[in-house]
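Chemist: prediction below, plus the sequence it came from.
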Amino acid sequence: MGEKMISIKELDQQAQQIVRQAGQNAFEKMGEDYQVDIKTNYTDLVTTIDRENEQLINNQLRKIDPDSQILSEEGFGDRQITNMQGHVWIVDPIDGTMNFVKQHNNFAVMLALYVDGSPVLGYILDVINGRLYHGRRGDGVYVNDKKINQPANLGLRESLLAMNRTLTLSGNPSLKEIAQEAIGLRMYGSAGIEMIDVITGQLGAYISNLKPWDLAAGRMLAEELGLVVKSIDGRSINVLSSNLVLVATRQVSRDIRQIIN
Ligand code: IPD
Ligand code: CA
Ligand code: CA
Ligand code: CA
């Protein structure tokens, strides 16, 4: 007989601790000297704290779930993930690195577990406010210990909309029309914080070009609350690639589809 497998509920308890530890690490080191490196260009940064956090998270995940695969942003995960079979943990050690460096605010630690391609556990820690948004499939979404209600199903004209900088500056006529139709436009620079605001009903929608680690946790939490998480033209999302994603109320998603079609 093999060893008893750890249950999803137990993984959930442990993953919450791991995310909080990484958040604590970022919080403590935020005011200290750390190294900032450029990745692809001067607007794309990584710090030694991103790397530390990713190693801290991945090392602990490997202890509690040794047979899983880990897909993570800064290179300490598994090199090649070509399928989503079994347990796949998806890690964003600091989401909103630019905000971490420049603002000491509006950044998050994000983690998700997908089982055979379906989102099962999701965590977004708003580090500065000490709020951990977490959910287990079928069990609802919580902020710390408090259950979150499904947000009101508002339409685009009654909703604030967030978009990332690249899309806002793209000049795409459909995106411009969508932005003009919304009651207001916001840009926070952290996919995690922006998805928290859709989940809690402060935003009606978030549109962004997202990599797997930017989206995995927010998608789990948003879908658990009955929100739409789709590619902007209504197609479903491939977790392993970059997607132009819409996270929105059902009504905003319908309103946007009308503008695009
Ligand atoms: C970025 C942030 C940003 C979004 C980018 C992401 P990172 O994540 O979420 O808001 O516009 O697409 O890459 O690099 O700070 O983890
Ligand atoms: Ca990054
Ligand atoms: Ca990110
Ligand atoms: Ca990151």
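Modeler: That came through fine. Ligands and ions are numbered 1, 2, ... in the order given.
Chemist: so which bits of the chain are right by ligand 1?
Modeler: 92, 95-97, 164, 189-191, 208-209, 214 (Cβ under 6 Å from any ligand atom). No exception for glycine: its C-beta is placed from N, CA and C like everyone else's.
Chemist: looking at the residues you listed, state which has the most neighbours.
Modeler: residue 92 (31 neighbours; other Cβ atoms under 10 Å).
Chemist: residue of the stretch 151-261 of the chain closest to ligand 3, please.
Modeler: At 4.1 Å from ligand 3, residue 214 is the closest residue in the stretch 151-261 of the chain, using Cβ to the ion.
Chemist: check contacts around that residue.
Modeler: 92, 95, 110, 191-192, 208 (Cβ atoms under 8 Å, 6 or more residues apart in numbering).
Chemist: and it, how far is that from residue 43?
Modeler: 15 Å (Cβ to Cβ, to the nearest Å).
Chemist: would you confirm that residue 132 contacts residue 18?
Modeler: No: counting by Cβ atoms under 8 Å, residue 132 sits too far from residue 18 to count as a contact (11.1 Å).
Chemist: name the nearest residue to the one residue in the stretch 151-261 of the chain that gets nearest to ligand 4, ignoring sequence neighbours.
Modeler: Residue nearest to ligand 4 within the stretch 151-261 of the chain: residue 213 (6.5 Å; Cβ to the ion). The shortest distance from residue 213 to any residue other than its chain neighbours is 3.8 Å, reached at residue 92 (Cβ to Cβ, 6 or more residues apart in numbering).
Chemist: can you give me the pLDDT of the residue nearest to residue 184 when sequence neighbours are not counted?
Modeler: For residue 184, ignoring the flanking residues on the chain, the nearest one in space by Cβ to Cβ, 6+ apart is residue 160 at 4.7 Å. pLDDT recorded at residue 160 is 98.
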